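*Asks:* Sequence plus predicted model, see below.
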Amino acid sequence: MAQLQSIREQRHDQIFPTLDSQEIERVRWFGDLRSFAAGESLWTVGQVALGLVVILAGKVAVTDRDQFDNHRPIVVHGPGNFLGELALLSGRPALVDAVAQEPVEALIIPSERLRALMIAEAELGERIMRALILRRVALLEAAIGGPIILGRAGNGDVLRLQGFLRRNAHPHQLLNPEVDAPAKVLIERFHIDPGQLPIVLCPSGQLLRNPGEDELARCLGLVRPIDPDRLYDVAVVGAGPAGLATAVYAASEGLSVVVLDCRSFGGQAGASARIENYLGFPTGISGMALMARAYNQAQKFGAEMAIPDEATSLAAHDPRLGHFTLNLRIGERVNARSVVLATGARYRRLDVENLDAFEASSVHYWASPLEAKLCADQEVVLVGAGNSAGQAAVYLASQAAKVWVLVRRSDLTETMSRYLVDRIRGLANVEVVTGATISRLEGRDGMLEAVRWRIADGQEVRRSINHLFLFIGAEPNTDWLRASGLGLDAKGFILTGEDAGGGRHALETTQRGVFAIGDVRAKSVKRVAAAVGEGAQVVAALHAYLARSEANLSRAENKRSNENESPRAARLNVQ
């Protein structure tokens, strides 16, 4: 709660704005008047809220529940205040409780009308949107709302679950039975065998034993069933910078959009500790912060997010008439008139024996605050020479005792931006070893204890290391498309434009109506700005394609109509 208080002190007026009488009149058009008796619940944790609640009279207490279901106060709202946070934009379950302290009169603005309000009333909508975002930030930093993870800090599955929730910007709390007394009480209450940890307690009261990401997401209401009969204008596969850019621009221009991703929003860009060469951010911004803004922006315009939902195959029923089907791993399907593939790439693994034995707890492909906390005041090894590796090295240097950067090449400047090279050279606790390759990993019980690497002269170095960071590039995430018939190059990247056939749009694949953008596209520029640019550029191509397919559909319907009428017309002529 101390962290939540500090945020209030810094940005209280933005987190809890008060609407004046004129502003309330402007929002009346979007809401429905409703009364609540004293003691009546307006919101309940784990249930989808009615919508944004603008209080006209009375007071509402917002509370959090601890691990024993006790209510803890967060804030009391009065006339002119409104209840809500980011869950409203996507119609996801509430993270807190809200109860009327006295008789309350309020305006209820459902999610779809809230999005309309934000667009129609730009200035007022900006204030509301900022408050919703800052409230989620406050919940995240104070670990208020969301599930409780019971497990040992540093355990591979605990890290996996924490990482999934963090990358999806979902609050959670970790209780370690080794140090937290409440964890021990819960283990006894639910008769949990310590060998079954980690356990996740969902706000709904459901208990999950070491769940997968899909199971956890559905328990939390992060993913809802997809309507198999709905035909979207655009299905975007991949929620990295390219896919989110497409979602923002397509949805803002009136297209119905669904976005799929098998893990979380942000893609590889979300793993960047700090991006300093992105246009418009001279002081830099973390990859996750940039991607979170894009994610919220897409939802503001009505894009539907299905995360985590993994596409396993793509089929075209009749591309001339605009009908594609994406089959999902959970057995559902998505139907769309066009498809944008923004699946990016998956992290390349180090070719060294027993790597998989340490991947759950000691080998990392991200450098976020979660990983930095694990290796604070320790020596770490980072392998890689690209910009992502450089950003990670700079960030880790602020937390770790020393960062060893291992590079196969003879010079960092061959693959890394100059500003990062200069910054790394200026850090006393970062040592770059060129011409180096990992030769062996040592450890036991899934925990890394030492790393050996060989340098150019053949000498082998051994250091006591508990954490290894790998930023050695990625491979195109296109295995699931092998049976789709799409053209791929020799390395598995998707062919587009002239490489895909004559008369193609620059981002169109060998299949009309299917487009590829970002890192998964052959010959793409591997930069966040380039991915965002392609995400915006493809929307113009989508409009053109959808217009053509609509015209083809009209002609097909007219033809069928004429064919159906012909026998009748012939009979009339005979008579």
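*Replies:* Okay, I see it.
*Asks:* When you work out contacts or count neighbours from here on, use the C-alpha atoms and nothing else.
*Replies:* OK.
*Asks:* Next one: the spatially most central residue of the chain from His77, what distance?
*Replies:* The central residue of the chain, meaning the one whose C-alpha is nearest the mean C-alpha position (C-alpha atoms, centre = their mean), is Phe265 at 1.9 Å. Counting by C-alpha to C-alpha, to the nearest Å, the separation of Phe265 from His77 is 32 Å.
*Asks:* How about Lys59?
*Replies:* Counting by C-alpha to C-alpha, the separation of Lys59 from His77 is 6 Å.
*Asks:* ditto for Glu188
*Replies:* 37 Å.
*Asks:* To what extent is Arg230 buried, counted in neighbours?
*Replies:* Other residues near Arg230 number 10, with proximity taken as other C-alpha atoms under 10 Å.
*Asks:* Give the phi and psi angles for it, as a check.
*Replies:* For Arg230, the backbone dihedrals (degrees, to the nearest 10) come out as phi -80, psi 140.
*Asks:* what about this structure, any weak spots by pLDDT?
*Replies:* Judged against pLDDT under 70, the low-scoring parts of the chain cover residues 1-9, 319-321, 556-557, 559-575.
*Asks:* OK, contacts around Val451?
*Replies:* Contact partners of Val451, counting by C-alpha atoms under 8 Å, 6 or more residues apart in numbering, are 381, 438-442, 462-465.
*Asks:* can you confirm it is in a helix?
*Replies:* No. With the criterion set as DSSP: H, G, I helix; E, B strand; the rest coil, the secondary structure at Val451 is strand rather than a helix.
*Asks:* excluding its backbone neighbours, what's nearest it?
*Replies:* Leu441 (4.9 Å; C-alpha to C-alpha, 6 or more residues apart in numbering).
*Asks:* Determine the three-state secondary structure at the residue nearest to the centre of the chain.
*Replies:* Strictly by three-state DSSP, Phe265 counts as coil.
*Asks:* Tell me where the stretch 451-575 of the chain has helices.
*Replies:* 528-574 (DSSP state H, counting those that start in this stretch).
*Asks:* how deep is Gly39 tucked in, by neighbour count?
*Replies:* A count of nearby residues for Gly39, using other C-alpha under 10 Å, gives 15.
*Asks:* Can you list phi and psi of the nearest residue to it once chain neighbours are set aside for me?
*Replies:* If you skip the residues right next to it in sequence, Gly39 has Ala100 as its closest partner in space, 5.2 Å away by C-alpha to C-alpha, 6+ apart. Its backbone dihedrals place Ala100 at phi -70, psi 120, with angles given as degrees, to the nearest 10.
*Asks:* follow-up on the earlier one: look up phi and psi at the closest residue to the residue nearest to the centre of the chain other than its chain neighbours.
*Replies:* In space, Phe265 comes closest to Ala239 once its chain neighbours are excluded; the distance is 4.8 Å by C-alpha to C-alpha, 6+ apart. Ala239 has phi and psi values of phi -120, psi 40 when expressed as degrees, to the nearest 10.
*Asks:* OK, contacts around Ala239?
*Replies:* Applying C-alpha under 8 Å, 6+ apart, we find Ala239 in contact with 259-261, 264-267, 342-343.
*Asks:* What spatial separation is found between it and Gly163?
*Replies:* Using C-alpha to C-alpha, one obtains 16 Å as the distance from Ala239 to Gly163.
*Asks:* what pairs with the nearest residue to Arg348 once chain neighbours are set aside across the strands?
*Replies:* If the residues on either side of it in the chain are set aside, Arg348 comes closest to Ala474, at 4.6 Å by C-alpha to C-alpha, 6+ apart. The partner list for Ala474 in beta bridges (DSSP bridges) reads Tyr347.
*Asks:* how many other residues sit next to Ala474?
*Replies:* Ala474 - counted by other C-alpha under 10 Å - has 14 other residues nearby.
*Asks:* So it versus Lys402, what's the distance?
*Replies:* Distance of Ala474 to Lys402, computed by C-alpha to C-alpha: 26 Å.
*Asks:* Repeat that for Pro198.
*Replies:* As defined by C-alpha to C-alpha, Pro198 lies at a distance of 31 Å from Lys402.
*Asks:* same thing with Arg167?
*Replies:* 26 Å.
*Asks:* got the contact list for Ile109?
*Replies:* Ile109 sits next to 30-32, 50-54 when contact means C-alpha under 8 Å, 6+ apart.
*Asks:* change it to 6 Å
*Replies:* Contacts here follow C-alpha atoms under 6 Å, 6 or more residues apart in numbering; on that basis Ile109 touches 31, 51-52.
*Asks:* what sits against the nearest residue to it once chain neighbours are set aside?
*Replies:* Sequence neighbours aside, Gly31 is the residue nearest to Ile109 in space, at 4.3 Å (criterion: C-alpha to C-alpha, 6+ apart). Remark: with contacts taken as C-alpha under 6 Å, 6+ apart, Gly31 is in contact with 107-109.
*Asks:* The residue nearest to Gly39 touches Thr63, doesn't it?
*Replies:* No. The criterion here is C-alpha atoms under 6 Å, and Ala100 misses it with Thr63 at 11.3 Å.
*Asks:* now the strands for the stretch 301-450 of the chain?
*Replies:* Counting by DSSP state E, counting those that start in this stretch, the stretch 301-450 of the chain has strands at residues 304-306, 311-316, 324-328, 333-336, 339-341, 345-347, 363-364, 379-383, 402-407, 430-434, 437-444, 447-454.
*Asks:* for the last one, the distance to its chain's centre please.
*Replies:* A distance of 32 Å separates the centroid of the chain from that of strand 447-454, by C-alpha atoms, centre = their mean, to the nearest Å.
*Asks:* Are we agreed that Thr246 is in a helix?
*Replies:* Yes. Under the criterion used here (three-state DSSP), Thr246 sits inside a helix.
*Asks:* Would you mind measuring from it to Arg34?
*Replies:* In this structure, Thr246 lies at 38 Å from Arg34, with C-alpha to C-alpha as the measure.
*Asks:* And these two? Which one has more around it.
*Replies:* Under the neighbour definition other C-alpha under 10 Å, Thr246 and Arg34 were set side by side, and Thr246 has more, 32 against 13.
*Asks:* quick one, what contacts the more buried one?
*Replies:* The contact partners of Thr246, by C-alpha under 6 Å, 6+ apart, come to 535-536.
*Asks:* OK, contacts around Arg333?
*Replies:* With contact taken as C-alpha under 6 Å, 6+ apart, Arg333 is in contact with 228, 326-327.
*Asks:* For the residue lying closest to it once chain neighbours are set aside, give the beta-bridge partners.
*Replies:* Among residues not flanking Arg333 along the chain, Asn327 sits closest, at 4.5 Å (C-alpha to C-alpha, 6+ apart). Beta-bridge partners for Asn327, by DSSP bridges, are Ser313, Arg333.
*Asks:* wait, isn't Asn327 in contact with Ser313?
*Replies:* Yes. The criterion here is C-alpha under 6 Å, and Asn327 meets it with Ser313 at 5.4 Å.
*Asks:* need the next SSE after the strand or helix carrying Ala116, C-terminal direction.
*Replies:* Ala116 belongs to helix 111-120 when assigned by DSSP states H and E. Once helix 111-120 ends, the next helix or strand along the chain (criterion: DSSP H and E) is helix 122-141.
*Asks:* now whichever helix or strand comes after that following helix, how far from the chain's geometric center?
*Replies:* Following the chain from helix 122-141 toward its C-terminal end, the next helix or strand by DSSP H and E is strand 148-150. Between the mean C-alpha point of strand 148-150 and the mean C-alpha point of its chain there is a distance of 21 Å (C-alpha atoms, centre = their mean).
*Asks:* strand partners of strand 148-150, parallel vs antiparallel please.
*Replies:* Take DSSP bridges as the rule and strand 148-150 pairs in its sheet with strand 173-175 (parallel), strand 199-201 (antiparallel).
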